[in-house]
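Colleague: Any chance you can model this:
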Amino acid sequence: MLEIEGIKIATANSSIKYKNRDDLLLVRLPENSIAAAVFTQSDIVGDCIITARNNLLENGNIRGLIVNAGNANVFNGDAGKKAVANINSKVADLLNATKEEIYSFSTGVIGEILNDKLITDKLPQMVENLSQNENLWNKAAKAILTTDLREKKISKKFQISGQEIKINAIAKGSGMIAPNMATMLSYIFTDINIDQKILQQIFTEINEISFNSITVDSDSSTSDAAMIISTKKANNPKITDINDPNLEIFKKNLTQIMIYLAKEIVFDGEGAEKLITINVKNAKSPDSAKKIAFSIANSPLVKTAIAGEDPNWGRILMAIGKAKEKIDPTKISIKIGNNKIVTNGAKDDNYNEGKTHNYLKNKEISIEIDLNHGKFSRIIWSCDFTETYIKINKDYRS
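Modeller: Take a look at the predicted model:
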């Protein structure tokens, strides 16, 4: 990971749930840093999400980020509200910032009271330990995990107008993963000099084709957020126009980072052994392509067939049909990898079940649906369902 000027990090163990690992992340940002974010669209959300939404509406300025793992602090009434207020106020005091410049996030078990004192008691020491050591990014990526099997992180550097731009990004997510934000937490840090409203616009756009294009189990969480933070300390000419050609360079690199993290979340899905790429082509509308792709991606029967390496392509047809989109079945073609399964609404004359079965032994599987009904496409990433998913979730609170 890269060292980005002005960003300091500390992690600690609060023992909210995890006894033998850090479960708290604190990030201090320099003055004039800005944030853009997208949040879960669930009707039941944590108080930290409500507060973060309100803070973002203020002006998008940010001085501090605090994240805890192990307790989501959701559906806790006044106790939940007070916990967020206490944490944010303490961080604001310690960082000499306003409470509107502090963003806190919680992830973990829903409906259990969060003992915020376990967090606030750790904060003074964490502030003393704040550092720009680039190795701390690895600790940051680990501190936010819950059921994840590995940390998810990536960094890039590139040039705009001859000036170096840096991006560091971390994410967590393994279960309760679905769109409408996408179910996870992700924090992306950069130094690009850019207007906050422009940053928000492009971040929302890229989110749709990255974090909003993944599913593990079709369940949208209560606490999901993706945030990009810029210190604006890079020496590039400030980007204030959505048509600035320099913005395309930044968007290209940011898109690569967000798609990488989105796929990493699916690859690390609870119990997952295979990453599934579903590409619906030539649909009548973008919404139709998305709806059909997610219908396939979220089908337990499709996901279990792939887990069993069974080329039961009838389940794919079932999932297309239940999407309730007006299509012509006689025009549909399907491929699994390079294996033609269906051509023009019927099993392909050269379909080879043995070859398809062998292909499904791979760790990465692609399914292509050509509807031959329009010009719009959508790619969605999913994973298989295994017995391990059930074991993880039946024992989650044990």
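Colleague: Span of stretch 364-384 from start to end?
Modeller: 10 Å (CA to CA, to the nearest Å).
Colleague: residues near Ser161, how many?
Modeller: Counted with other CB atoms under 10 Å, residues neighbouring Ser161 total 12. For the C-beta atoms, the positions are set from N, CA and C on the backbone; glycine is no exception.
Colleague: Sorry, wrong one. I was asking about Phe211.
Modeller: 26.
Colleague: I figured it hits Ala262, correct?
Modeller: Yes. If you go by CB atoms under 8 Å, Phe211 and Ala262 touch, sitting 5.1 Å apart.
Colleague: where does the stretch 151-300 of the chain have low pLDDT?
Modeller: 174-183, 217-221 (pLDDT under 70).
Colleague: Please, where are all the strands along it?
Modeller: Remark: strands assigned in the stretch 151-300 of the chain by DSSP state E, counting those that start in this stretch are 152-160, 163-172, 185-190, 225-230, 275-283.
Colleague: Which secondary structure elements does the first one sit against?
Modeller: What it means is strand 152-160. Applying 3 or more CB pairs under 8 Å, 6 or more residues apart in numbering; DSSP states H and E, one finds that strand 152-160 makes contact with helix 136-143, strand 163-172, helix 245-267.
Colleague: quick revisit: mind putting the strands of the stretch 151-300 of the chain into JSON lines with mean neighbour count and distance to Glu100?
Modeller: Compiled in JSON lines, those are given as follows (neighbours: other CB atoms under 10 Å; distance: least, CB to CB, whole Å):
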{"stretch": "strand 152-160", "mean neighbour count": "17", "distance to Glu100": "28"}
{"stretch": "strand 163-172", "mean neighbour count": "22", "distance to Glu100": "24"}
{"stretch": "strand 185-190", "mean neighbour count": "26", "distance to Glu100": "18"}
{"stretch": "strand 225-230", "mean neighbour count": "26", "distance to Glu100": "15"}
{"stretch": "strand 275-283", "mean neighbour count": "21", "distance to Glu100": "39"}
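Colleague: if we can go back for a sec, quick one, which of the helices and strands packed on strand 152-160 is nearest to Ser333?
Modeller: Closest to Ser333 of the helices and strands packed on strand 152-160, according to CB to CB: helix 245-267, at 25.0 Å.
Colleague: Go through that closest one and flag the buried ones.
Modeller: 246-247, 249-250, 253-254, 257-267 (16 or more other CB atoms under 10 Å).
Colleague: mind listing the helices for the stretch 51-200 of the chain?
Modeller: 77-95, 117-120, 123-129, 136-143, 196-208 (DSSP state H, counting those that start in this stretch).
Colleague: Deepest-packed of these, please.
Modeller: The highest average neighbour count among the helices of the stretch 51-200 of the chain, using mean count of other CB atoms under 10 Å, belongs to helix 136-143 at a mean of 21.
Colleague: can you list the residues that contact that helix?
Modeller: Residues outside helix 136-143 that contact it (CB atoms under 8 Å, 6 or more residues apart in numbering): 1-2, 9-11, 21-25, 27, 67, 69, 151-153, 155, 168, 170-172.
Colleague: Stretch 304-318 too?
Modeller: 273-274, 276, 296, 299, 301-302, 332, 334, 336, 339, 341-342, 353, 356-357, 360-361, 365, 367, 369, 384-386.
Colleague: which of these are buried?
Modeller: Using 16+ other CB under 10 Å, the buried members of the contacts of stretch 304-318 are 274, 276, 296, 299, 302, 332, 334, 336, 339, 341-342, 356, 360, 365, 367, 369, 384-386.
Colleague: From Leu247, how far off is Tyr103?
Modeller: To Leu247, Tyr103 is 24 Å away according to CB to CB, to the nearest Å.
Colleague: Oops, could you answer that again for Ala35 instead?
Modeller: Look at Ala35 and Leu247: by CB to CB, they are 18 Å apart.
Colleague: And for Lys355?
Modeller: Lys355 is 45 Å from Leu247, by CB to CB.
Colleague: again, but for Lys361
Modeller: Lys361 is 43 Å from Leu247, by CB to CB.
Colleague: how about Ala283, what does it touch?
Modeller: Ala289, Ile292, Glu325, Leu371, His373, Gly374, Phe376, Ser377, Arg378.
Colleague: Which ones among those residues lie within strands?
Modeller: Phe376, Ser377, Arg378 (DSSP state E).
Colleague: Lys197 is nearest to which of the strands of the stretch 151-300 of the chain?
Modeller: Closest approach to Lys197 among the strands of the stretch 151-300 of the chain is made by strand 225-230 (12.5 Å; CB to CB).
Colleague: Would you mind listing the buried residues in stretch 59-78?
Modeller: In stretch 59-78, counting by 16+ other CB under 10 Å, buried: 60-74, 76.
Colleague: I should have written stretch 338-351 there, sorry.
Modeller: For stretch 338-351, using 16+ other CB under 10 Å, the buried residues are Asn339, Lys340, Ile341, Val342, Thr343, Tyr351.
Colleague: Those residues: which two are farthest apart?
Modeller: Farthest pair in the buried residues of stretch 338-351 (CB to CB) is Asn339 and Thr343. Separation: 11.5 Å.
Colleague: Show me the buried ones among the contacts of stretch 304-318 that map onto helices.
Modeller: Secondary-structure check on these using DSSP state H: residues within helices are Ile296, Val302, Thr356.
Colleague: Can you give me the distance of the second one to Phe385?
Modeller: Computed with CB to CB, the distance linking Val302 and Phe385 is 9 Å.
Colleague: Next: the first one.
Modeller: Ile296 is 13 Å from Phe385, where distance means CB to CB.
Colleague: my read: Val91 touches Ile62, true?
Modeller: No. In this structure Val91 lies outside contact range of Ile62 using CB under 8 Å: 11.3 Å.
Colleague: which neighbours do those two share?
Modeller: By CB under 8 Å, 6+ apart, the residues touching both Val91 and Ile62 are Ile102.
Colleague: Identify the residues contacting the spatially closest residue to Asn20 that is not a sequence neighbour.
Modeller: Nearest non-adjacent residue to Asn20, counting by CB to CB, 6 or more residues apart in numbering: Asn13, 7.9 Å away. Under the criterion of CB under 8 Å, 6+ apart, the contact list for Asn13 reads Lys19, Asn20, Arg21, Asp22, Asp23, Leu24, Lys122.
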